[in-house]
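Colleague: Please find the sequence and the predicted model below.
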Amino acid sequence: MIGAIIGDIVGSVYEFENIKTKEFPLFSENSRFTDDTVCTMAVVDILLHHKDPVKTMVEWCRKYPAAGYGDKFMRWFNMPWQEPYNSFGNGAAMRVSPAGWLASSLEEALLMSDRVTEITHNHPEGIKGARATVHAIFLARQNVSSQQIRDEIELVYGYNLSQTVDDIRENYEFDETCQGSVPQALICALEATDYEDAIRNSISIGGDSDTIAAIAGAVAEARFRVPLPLEQAGCKFLPKDMLDELKLLYGQLFSGRPLCDVYYSTISRWIFLSMHSGSPESDAVLKNLSNAMHSCDVSGTVWRNASLLVFNERFGFDKFHYDVSEYAQKSEIIDAMKPVWEYFELKWQEIPSEKRAEIERCLREHHQGL
């Protein structure tokens with residue numbers, strides 16, 4: 001979602017002015033969200049609120065009529081009635097990322113993908129491009145390796161993902177079809193070392209830059225998470241209705257899960273990003289942490305209390321209050337937090353003592369302002 005949207009915004013200025021280099025500014029005064037973002041937000045709305053796919057897509061696109069839609073798609077949403085038009089354009093893949101996040105199984109993710117794709121892109125290649133994107137996102141969420149993702153996408157969808165980004169960059173030209181852009185976008189995401197690298201890969205190969213970066217950015221978000229500075233910079237380009245919908249989306253995704261109280265908390269960002277400041281391992285740490293959290297089937301209240309208890313006892317804070325009235329003993333909360341606690345301690349002990357002291361000092365200074 002936000003990974004796809006930032007990819008779209010970054011790529012917006014390079015779509016018709018391709019550059020074949022990874023050295024370029026990510027944002028400029030000409031950056032903007034395009035149809036990729038609008039359609040992604042429509043899919044968020046459809047899947048999050050169980051709305052009618054056609055009606056909701058039309059409403060969002062008519063609300064933002066100057067977002068740079070393709071001619072056929074623009075005619076579709078401006079007609080008094082809508083029918084699928086056998087498209088295999090990459091618009092099927094650029095908008096579908098929410099299905100990879102909101103589903104609880106791969107089967108459900110692919111059904112969601114079909115539901116939001118077949119309203120326009122009902123050609124087999126359109127359906128396939130969207131499914132491959134969602135499939136890659138779902139696998140990345142499970143911490144499947146990039147090579148395993150490549151192998152599975154090639155096996156299931158018949159895409160050739162053997163090229164490198166350098167191979168693609170040499171001769172790649174503008175191609176708006178799924179079959180001519182989805183494999184390239186997936187390679188950009190799977191070869192990347194972090195989220196930003198995936199976006200830079202995508203822009204550097206040329207072609208339909210905003211859409212390739214949106215597809216790659218969606219997969220890269222699942223692999224690495226979006227760094228907070230990039231997330232904040234990208235969100236400045238979005239209107240309030242989109243920001244509000246994204247807050248609802250991420251709130252539901254992480255409701256009842258530890259991510260909402262640990263991964264997305266200011267304190268946890270301080271701790272884990274400070275641990276490996278300036279290192280590509282920081283996102284991997286957060287990724288592994290979130291996987292450890294997901295392995296526990298406990299309520300959001302338990303996780304909220306547990307996270308506060310861990311930070312209080314680890315750093316000696318007393319301002320974070322937690323309610324243990326639902327539980328007989330604090331030990332119940334500690335038991336629920338055990339996998340995260342063990343992972344935290346393991347990573348903490350890997351840091352040199354001088355760095356640990358610096359982190360604790362910074363954390364305490366930050367805590368004083370809370």
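Modeller: The structure has been received and is ready for your questions. Numbering: from 1, shown residues only.

Colleague: tell me which strands and helices whichever strand or helix holds residue 45 is in contact with?
Modeller: Element membership for residue 45 (DSSP states H and E) is helix 35-49. If you count contacts as 3 or more Cβ pairs under 8 Å, 6 or more residues apart in numbering; DSSP states H and E, helix 35-49 packs onto helix 2-11, helix 53-63, helix 91-94, helix 97-102, helix 106-117, helix 209-224, helix 240-253. C-betas here are computed from N, CA, C, even on glycine.

Colleague: Only the buried residues of that helix, if you could.
Modeller: 35-48 (16 or more other Cβ atoms under 10 Å).

Colleague: hey, C-alpha coordinates of it in CSV?
Modeller: The C-alpha coordinates for helix 35-49 follow below in CSV (Å, rounded to 0.1, in the frame of the first residue of the first chain):
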residue,chain,number,x,y,z
ASP,A,35,-3.7,7.0,-11.2
ASP,A,36,-1.7,4.2,-9.6
THR,A,37,-2.3,5.7,-6.2
VAL,A,38,-6.0,6.5,-6.8
CYS,A,39,-6.7,3.0,-7.9
THR,A,40,-4.8,1.5,-5.1
MET,A,41,-6.8,3.6,-2.6
ALA,A,42,-10.0,2.4,-4.3
VAL,A,43,-8.9,-1.2,-3.8
VAL,A,44,-8.1,-0.4,-0.1
ASP,A,45,-11.7,0.9,0.2
ILE,A,46,-13.2,-2.1,-1.6
LEU,A,47,-11.4,-4.7,0.5
LEU,A,48,-11.3,-3.0,3.8
HIS,A,49,-15.0,-2.0,3.8
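
Colleague: Give me the angle between it and helix 53-63.
Modeller: 140 degrees (axes from the mean of the first three to the mean of the last three Cα atoms, to 10 degrees).

Colleague: Let me know the average pLDDT across helix 35-49.
Modeller: The predicted model assigns helix 35-49 a mean pLDDT of 96.

Colleague: next one: stretch 229-243
Modeller: 90.

Colleague: Show me what it is in contact with.
Modeller: 2, 5-6, 9-10, 26-27, 31-33, 37, 41, 195-196, 226, 246 (Cβ atoms under 8 Å, 6 or more residues apart in numbering).

Colleague: Mind picking the two most distant members of the residues you listed?
Modeller: 41 and 196 (22.7 Å; Cβ to Cβ).

Colleague: could the helices and strands packed on helix 35-49 be laid out in CSV, adding mean neighbour count?
Modeller: As requested, the helices and strands packed on helix 35-49 are exported to CSV (neighbours: other Cβ atoms under 10 Å):
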stretch, mean neighbour count
helix 2-11, 30
helix 53-63, 18
helix 91-94, 30
helix 97-102, 26
helix 106-117, 20
helix 209-224, 31
helix 240-253, 15
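
Colleague: And those: which comes nearest residue 166?
Modeller: helix 209-224 (15.4 Å).

Colleague: which is the next helix or strand following that closest one?
Modeller: helix 228-235.

Colleague: And that next one, what's buried?
Modeller: 230-231, 233-234.

Colleague: Go through the residues you listed and name the one nearest residue 108.
Modeller: Of those, the one sitting nearest to residue 108 (Cβ to Cβ) turns out to be residue 231, at 26.5 Å.

Colleague: Below-threshold pLDDT in the stretch 1-150 of the chain: ranges please.
Modeller: Filtered on pLDDT under 70, the stretch 1-150 of the chain yields no residues whatsoever.

Colleague: repeat that for 90
Modeller: Applying pLDDT under 90 to the stretch 1-150 of the chain flags residues 1, 15-16, 103-104, 141-144.

Colleague: Then the stretch 201-350 of the chain?
Modeller: 224-233, 235, 243-350.

Colleague: contacting residues around residue 202?
Modeller: By Cβ under 8 Å, 6+ apart, the contact set of residue 202 is 7, 11, 185, 188-189, 209, 212-213, 215-217.

Colleague: In JSON lines, list those residues along with distance to residue 173.
Modeller: Shown next, in JSON lines, are the contacts of residue 202 (distance: Cβ to Cβ, whole Å):
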{"residue": "7", "distance to residue 173": "20"}
{"residue": "11", "distance to residue 173": "16"}
{"residue": "185", "distance to residue 173": "15"}
{"residue": "188", "distance to residue 173": "16"}
{"residue": "189", "distance to residue 173": "20"}
{"residue": "209", "distance to residue 173": "12"}
{"residue": "212", "distance to residue 173": "12"}
{"residue": "213", "distance to residue 173": "16"}
{"residue": "215", "distance to residue 173": "17"}
{"residue": "216", "distance to residue 173": "18"}
{"residue": "217", "distance to residue 173": "21"}
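
Colleague: between the residues you listed, which is nearest residue 164?
Modeller: residue 188 (10.1 Å).

Colleague: and that closest one, how many neighbours?
Modeller: Using other Cβ atoms under 10 Å, residue 188 is surrounded by 29 other residues.

Colleague: I'd say it and residue 195 touch.
Modeller: No - taking contacts as Cβ atoms under 8 Å, residue 188 lies outside contact range of residue 195: 11.4 Å.

Colleague: Spatially, which pair of the buried residues of helix 228-235 is furthest apart? Let me know, please.
Modeller: So, the buried residues of helix 228-235 by Cβ to Cβ: farthest apart are 231 and 233, at 7.4 Å.

Colleague: Show me where the stretch 151-300 of the chain has its helices.
Modeller: In order along the chain, the stretch 151-300 of the chain carries the following helices (DSSP state H, counting those that start in this stretch): 165-171, 182-190, 195-204, 209-224, 228-235, 240-253, 266-275, 281-294, 300-315.

Colleague: Restrict the fourth one to CA atoms and write it as PDB.
Modeller: Coordinates of the C-alpha atoms in helix 209-224 are reproduced here as PDB (Å, rounded to 0.1, in the frame of the first residue of the first chain):
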ATOM      1  CA  SER A 209       8.400   4.200 -14.300                       C
ATOM      2  CA  ASP A 210       5.600   5.100 -11.900                       C
ATOM      3  CA  THR A 211       3.800   1.800 -12.400                       C
ATOM      4  CA  ILE A 212       6.900  -0.300 -12.300                       C
ATOM      5  CA  ALA A 213       7.900   1.500  -9.100                       C
ATOM      6  CA  ALA A 214       4.400   1.000  -7.600                       C
ATOM      7  CA  ILE A 215       4.500  -2.700  -8.200                       C
ATOM      8  CA  ALA A 216       8.100  -3.100  -7.000                       C
ATOM      9  CA  GLY A 217       7.400  -0.800  -4.100                       C
ATOM     10  CA  ALA A 218       4.500  -3.000  -3.000                       C
ATOM     11  CA  VAL A 219       6.600  -6.100  -2.900                       C
ATOM     12  CA  ALA A 220       9.600  -4.300  -1.300                       C
ATOM     13  CA  GLU A 221       7.300  -3.000   1.500                       C
ATOM     14  CA  ALA A 222       6.500  -6.600   2.300                       C
ATOM     15  CA  ARG A 223      10.200  -7.600   2.200                       C
ATOM     16  CA  PHE A 224      11.700  -4.700   4.000                       C
END
